[in-house]
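Visitor: Fold the stuff below for me.
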Amino acid sequence: MPGLNSISALAAGGLIVFLWGGVASPAGSQNAEKPYPAQSRVVEGVKILLNPEFPRDGVRTPKCVEVWSVGGETDPRGELINRPQDLRVSADGTVYVLDWQDGCVRVFDAGGQFVRQVGRPGQGPGDINTPCWIDLGPRGELFVLDGRNMRVSRFAQDGTFVKSFRVEKYSATLRADGAGRLYRGEESTVDSAGLSGEYKEIVRSITVVRTDAEGMDPKRFGPFVGQRIFMKSEGQGVISLSSPFTATTGWGVDRDGRLYAGHNEKYEVAVHDPEGKILFRFGRKFKPVRNPRFKPSAAFAQPETLPAFNPEFFFDETGEIWLPLYRGGDKESFLYDVFSPEGIYLKQIIVPFRVYRVRGGKAYAIVESEEGFRVIKCFRLAG
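Guide: Residues are numbered from 1 along each chain as shown. Predicted structure coming up:
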């Protein structure tokens, strides 16, 4: 079956919108005629659902035709976007793009027309200094995690600043559920040990902290295993030999406040209820893929095999979970395993760009143009 041994990776660039459908693979069609052979077992009172290597509904490869484009050298409207890092999409198709370079969030309507800018660089109320994550609340409010100012800022649907609260530890991610509660991933060092001579290993952990929209009533989940970071002494300082493919825990929250967390060294995700109890675990059969960058002489810099999935997975509006896969030698495609909220491996999607969000049959991505500009584009499924 095409693509099952390819691995997809992170990419940067402009915003793309797809309408995806695609054609199921022959293997997927044959298996769809039978009951899907997912296996389940109970370990210490927790159900574990193991899916086979092939998806229930097969593999799909959408074809897309450009509809609109925003930003870049050829845009007559000028440079509307500088360095987009993340995005969200509301129910009506409004697109919120986190512009890391300009320290703001730029808002576009469903047709790609610029609507407004939210925030500006600075340290005052409503200002943003090094934004690193955004999410949307159930009433259209926008939340921005401000890395350098160490705070979360809330803006109304019309872009008006409402309030902010401070975070005490470094947080790399921010998510909101359907009740308007906020979740952020606090990262901490839990161990530091010498290895041999000039090398040192730092072990990190991730604690998911849930609060209300005001930053009050905190509840902690975890800690979960984070990255193992390898450092090398050089002169008066140290340099990191860590790889972007180092295994860590990926996590996400659905609209009902269920926490999905899985250490991507293996293909398994645990689903927790809002009180932190594990409801079930799910995954699929997976053959580890050798890291093409691995060299025996660089053991501290690159893992020998790639993690099972990218930790930055997301949910679409139906509650289906999209797990990005790291790619191996194939640099022209990105793979997404799509699971139902119950953990059934539904389909695999192959597209030419990294997808950030899927909503209403459209997939949103960030890529980079041949000229090096980050461009916002919209594509429609052809055929």
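
Visitor: quick one, what contacts residue 205?
Guide: Residue 205 sits next to 187-190, 222-226 when contact means CB atoms under 8 Å, 6 or more residues apart in numbering. For every residue, glycine as well, the C-beta is placed using N, CA and C.

Visitor: Kindly apply the preceding question to residue 249 instead.
Guide: 206, 224-226, 261-264, 311.

Visitor: can you do 7 Å?
Guide: 206, 224-226, 261-263, 311 (CB atoms under 7 Å, 6 or more residues apart in numbering).

Visitor: ok so, going back, now the contacts of residue 205: which count as buried?
Guide: 187, 222-226 (16 or more other CB atoms under 10 Å).

Visitor: For the residue nearest the centre of the chain, give its distance to residue 133.
Guide: Geometric centre of the chain, nearest residue: residue 312, 2.4 Å, by CA atoms, centre = their mean. Shown here: residue 312 relative to residue 133, a distance of 10 Å by CB to CB, to the nearest Å.

Visitor: Same check on residue 351?
Guide: Noted for residue 351: a distance of 23 Å to residue 133, by CB to CB.

Visitor: Next: residue 378.
Guide: 24 Å.

Visitor: Residue 379: what's its closest spatial neighbour, skipping adjacent residues?
Guide: Distance criterion CB to CB, 6 or more residues apart in numbering; nearest residue to residue 379, sequence neighbours excluded, is residue 64 at 3.3 Å.

Visitor: State the number of residues packed around that neighbour.
Guide: 20 (other CB atoms under 10 Å).

Visitor: Repeat that for residue 114.
Guide: Residues near residue 114, counting by other CB under 10 Å: 16.

Visitor: Run through the residues that contact it.
Guide: Counted by CB under 7 Å, 6+ apart, residue 114 has contacts 80, 106, 108.

Visitor: and those residues, which are buried?
Guide: So, by 16+ other CB under 10 Å, the buried ones in the contacts of residue 114 are 80, 106, 108.

Visitor: Show me these that map onto strands.
Guide: 106, 108 (DSSP state E).

Visitor: Return the member of the buried ones among the contacts of residue 114 nearest to residue 41.
Guide: residue 108 (46.8 Å; CB to CB).

Visitor: Make sure the closest one is actually in contact with residue 96.
Guide: No: judged on CB atoms under 7 Å, residue 108 makes no contact with residue 96 at a distance of 8.2 Å.

Visitor: any idea which of the contacts of residue 205 is least confident?
Guide: Lowest pLDDT among the contacts of residue 205: residue 190, with 75.

Visitor: Which residue comes closest to that residue once chain neighbours are left out?
Guide: residue 205 (4.6 Å).

Visitor: Distance from the host helix or strand of the one you found to the middle of the chain?
Guide: Following DSSP states H and E, the helix or strand that holds residue 205 is strand 199-211. Distance of strand 199-211 from the chain centroid (CA atoms, centre = their mean, to the nearest Å) equals 18 Å.

Visitor: so for it, what's the average pLDDT?
Guide: Here the average pLDDT along strand 199-211 is 91.

Visitor: what comes up buried for that strand?
Guide: Buried, per 16+ other CB under 10 Å, within strand 199-211: 200, 202, 204-211.

Visitor: repeat for stretch 365-376
Guide: 365-369, 373-376.

Visitor: Just checking, which helix or strand of the chain averages the lowest pLDDT?
Guide: In the chain, no helix or strand scores lower on mean pLDDT, DSSP states H and E than helix 26-32, which sits at a mean of 43.

Visitor: show me what contacts the closest residue to residue 154 other than its chain neighbours?
Guide: Excluding the flanking residues, the one nearest residue 154 by CB to CB, 6+ apart is residue 162, at 4.5 Å. By CB under 7 Å, 6+ apart, the residues touching residue 162 are 154-156.

Visitor: now those residues in a markdown table, with pLDDT?
Guide: As requested, those are exported to a markdown table (pLDDT from 0 to 100):
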| residue | pLDDT |
| --- | --- |
| 154 | 96 |
| 155 | 97 |
| 156 | 96 |
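
Visitor: Pull out the buried positions in stretch 232-247.
Guide: 232, 241-243, 245-247.

Visitor: I misspoke; the intended subject was stretch 116-134.
Guide: 118-119, 126-129, 131-134.

Visitor: Can you name the residues in contact with that stretch?
Guide: By CB under 7 Å, 6+ apart, stretch 116-134 touches 86, 88, 96, 98, 100, 103-107, 142-149, 153, 155, 159, 161, 164, 172-174.

Visitor: Got a PyMOL select line for the buried ones in those?
Guide: Applying 16+ other CB under 10 Å to those leaves a buried subset, and the PyMOL line that selects it is:
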select buried, resi 86+88+96+98+100+103+104+105+106+107+142+143+144+145+146+147+149+153+155+161+164+173+174
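
Visitor: what residue ranges in the stretch 101-250 of the chain are flagged as low confidence?
Guide: Applying pLDDT under 70 to the stretch 101-250 of the chain flags residues 191, 193-197, 235-237.

Visitor: switch the cut-off to 80
Guide: Applying pLDDT under 80 to the stretch 101-250 of the chain flags residues 190-199, 231-242.

Visitor: Could you do the stretch 251-383 of the chain as well?
Guide: 296-301, 327-332, 361, 369-371, 375-383.

Visitor: Alright, I will stop here.
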